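K.L.:
Predicted structure and sequence below. I'll ask about it afterward.
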Amino acid sequence: MYSKVDARIVELLAEIVGPEAVVTSEEGLEPYSHDEMPGWRYMPEVVVKPRSTEEVARVVQLAAEENVPVTPRGLGTGLSGGALPVHGGIVVSMERMNRLIEVDEDNLMAVVEPGLVVGELHKQVEARGLFYPPDPASLDSCSIGGNIAENAGGPRAVKYGITRDYVMGIEAVLPDGSVIRYGGKTVKNVTGYDLANVLIGSEGTLGIITQAILKLIPLPQHRIDLLVPFHSFRDATRTVTEIIRAKRIVPVVLEFMDRESVKACEKYLEKELPFSDAEAQLIVGLDGNRREDIDAQVEVVAEICLEGGADDVLVADSAFQKDQLWHARRVLLETLKAISERVEVEDVVVPRVRIPELISAVEEISERSGFPIVNWGHAGDGNVHVGVLKRGVSDEKWNAELDRVNEAIFESALSLGGMITGEHGIGIFKKRFMPKAVDEPTMAAMRALKRAFDPAGILNPGKVLP
Ligand SMILES: Cc1cc2nc3c(=O)[nH]c(=O)nc-3n(C[C@H](O)[C@H](O)[C@H](O)COP(=O)(O)OP(=O)(O)OC[C@H]3O[C@@H](n4cnc5c(N)ncnc54)[C@H](O)[C@@H]3O)c2cc1C
């Protein structure tokens, strides 16, 4: 269906981006054949690394003329295979378009190129007393473009929202090579269809984002984190709701880990972690500008936790203490990969009051199937990461039954009023489950949108829509 990339096309690409920015060797292409989800590989035929919007547009134009598929790539930390070139062709890596173009302190906006590392943006704006809240756990290795394409969230979403809430303007190259711009440094804008919001979360299937204008807010002056162990998972998640319901306190983070996750980290790190016998741990973060206000909130939250069945409350306010407290949560994915040759991370999302029911359903699925499963994630916004491990499961059983296990997890989330992915996206892995989550008229509208943007189907084919 698509044409192959031949020597002539490689030469034309080199004329556009420069020969040093074209990769064709096997070992050079290999790192672009996978993302962070273990076990999936698709080799590109060629990788190009443009430096400007014009270069991206010319590459896409050429691909359209030659009927070669194009897959945009940020920094390859995705967990749904979105950046994998399923049909070969050209991978357009945005890694060299990584400038922070401007921090506009008067309008509280930053203008960025898509390859900018998210953690780098944090550092740059925080040095000026400003704040860009979206903070995926991968922030030191993922790009703004990848975050926009996936509409990434992070622990701070419970109070500050997700990537979508901060994107005020977008420049993008469409699949025919034309360049569109929507939005700008204005807080308000209802000029025509909101194309920025169409592109956000579109997983690189509608356009390649080449620049973005992001909203900044003032940096909160203080933050205190609490580590709270519970002997009952139900008590832990009920307490999450109680903190928000009873006192109208919205913590900046409300994360949880189950005992199996903490135990796995303990083994991997070869050190004892606090409260590792507890059935569940909550990490509660509180921030604000006046220390007295946060101290008062800490007292209220600690009281609610203890009344709700917590065994203890560990308070961390220095950088060192916070680092200790977050250690397990931060190394968790690495840990799971170290202890199990395959890990499927699902990131289902449910209304937060229904987390206990979801966890019970997942435990039952684990028992029934014999697949070890660990749970952790964003308790504050109902986004539960479910890690299905291959550890101890035979190849045969894994290959034969994994789909059924995943399906059962998705069905549980959907039956509780949830969705099959909260932040990692559909990509390759979840697209076969889309019909379960989205009804046919809605799917038809999504297909029509894709056709309107990309009638030839050359941009990131094989993703999102079954
Ligand atoms: C340890 C770990 C922790 C993580 N924690 C979180 C978390 O807390 N929250 C969360 O949301 N995610 C998390 N992720 C997933 C991942 O980091 C995010 O999905 C991130 O947004 C991907 O960014 P990237 O630059 O690596 O993009 P890639 O993986 O390169 O690409 C992801 C998708 O975006 C598209 N894309 C990339 N750049 C562009 C562009 N410029 N224009 C158009 N499309 C583009 C690609 O085609 C692909 O579909 C985590 C991953 C890891 C490994």
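P.N.:
Right, received. Where do you want to start?
K.L.:
Report the beta-bridge partners for the residue nearest to residue 284 when sequence neighbours are not counted.
P.N.:
Once flanking residues are discounted, residue 284 sits nearest to residue 226: 4.5 Å by C-beta to C-beta, 6 or more residues apart in numbering. Quick note: C-beta positions are derived from backbone N, CA and C, even for glycine. On the basis of DSSP bridges, residue 226 is bridged to residue 284, residue 315.
K.L.:
just the one 4 residues further on next, same as before
P.N.:
Assessed by DSSP bridges, residue 230 has beta-bridge partners residue 280, residue 310.
K.L.:
and if you look at residue 167?
P.N.:
As for beta bridges, residue 167 partners with residue 214 under DSSP bridges.
K.L.:
ok, it touching residue 148?
P.N.:
Yes - with contact defined as C-beta atoms under 8 Å, residue 167 reaches residue 148; the gap is 5.9 Å.
K.L.:
more crowded one of these two?
P.N.:
Applying other C-beta atoms under 10 Å to residue 167 and residue 148 shows that residue 148 carries more neighbours, namely 28 against 24.
K.L.:
anything in contact with each of residue 167 and residue 148?
P.N.:
Common contacts of residue 167 and residue 148, defined by C-beta atoms under 8 Å, 6 or more residues apart in numbering, comprise 200, 212.
K.L.:
can you pull the contacts of whatever residue of the stretch 301-450 of the chain ends up closest to the ligand?
P.N.:
The ligand sits closest to residue 423 of the stretch 301-450 of the chain, with a gap of 3.3 Å, by C-beta to the nearest ligand atom. Contact partners of residue 423, counting by C-beta under 8 Å, 6+ apart, are 136, 150-154, 162, 347, 349, 383.
K.L.:
any idea how far the ligand is from residue 90?
P.N.:
12 Å (C-beta to the nearest ligand atom, to the nearest Å).
K.L.:
Measure how buried that residue is and give me the count.
P.N.:
Counted with other C-beta under 10 Å, the neighbours of residue 90 add up to 27.
K.L.:
Verify the contact between it and residue 46 for me.
P.N.:
Yes - the criterion here is C-beta under 8 Å, and residue 90 meets it with residue 46 at 5.5 Å.
K.L.:
shared neighbours, these two?
P.N.:
Contact with both residue 90 and residue 46 is made by residues 5, 13, according to C-beta under 8 Å, 6+ apart.
K.L.:
Can you tell me which of the contacts of residue 423 are buried?
P.N.:
Buried subset of those (neighbour count, 16 or more other C-beta atoms under 10 Å): 136, 150-154, 162, 347, 349, 383.
K.L.:
among those, which are within reach of the ligand?
P.N.:
Subset of the buried ones among the contacts of residue 423 in contact with the ligand: 136, 150, 152-154, counting by C-beta under 6 Å from any ligand atom.
K.L.:
near the ligand, which residues of the stretch 301-450 of the chain?
P.N.:
Proximity of the stretch 301-450 of the chain to the ligand, by C-beta under 6 Å from any ligand atom, involves residues 333, 423-424.
K.L.:
What about those residues, which are in helices?
P.N.:
residue 333 (DSSP state H).
K.L.:
Which of the residues of the stretch 301-450 of the chain next to the ligand sits closest to residue 410?
P.N.:
Closest approach to residue 410 among these (C-beta to C-beta): residue 424, at 13.0 Å.
K.L.:
For the closest residue to the ligand within the stretch 101-250 of the chain, pull up the helix or strand it's in.
P.N.:
Of all residues in the stretch 101-250 of the chain, residue 146 sits closest to the ligand, at 2.2 Å by C-beta to the nearest ligand atom. Following DSSP states H and E, the helix or strand that holds residue 146 is helix 144-150.
K.L.:
Please apply the same query to residue 220.
P.N.:
Residue 220 is part of no helix or strand, with elements assigned from DSSP H and E.
K.L.:
Give me the spatial nearest neighbour of it, chain neighbours excluded.
P.N.:
Nearest residue to residue 220, sequence neighbours excluded (C-beta to C-beta, 6+ apart): residue 287, at 4.2 Å.
K.L.:
To what extent is that neighbour buried, counted in neighbours?
P.N.:
21.
K.L.:
Is it correct that residue 397 is in contact with residue 370?
P.N.:
Yes - counting by C-beta under 8 Å, residue 370 is a contact partner of residue 397 at 7.4 Å.
K.L.:
before we move on, the earlier item: so which two of the contacts of residue 423 are the farthest from each other?
P.N.:
Farthest-apart pair in the contacts of residue 423 is 136 and 349; separation 14.7 Å (C-beta to C-beta).
K.L.:
where does the residue lying closest to residue 402 once chain neighbours are set aside land in three-state SS?
P.N.:
Sequence neighbours aside, residue 344 is the residue nearest to residue 402 in space, at 6.6 Å (criterion: C-beta to C-beta, 6+ apart). Three-state call for residue 344 (DSSP: H, G, I helix; E, B strand; the rest coil): strand.
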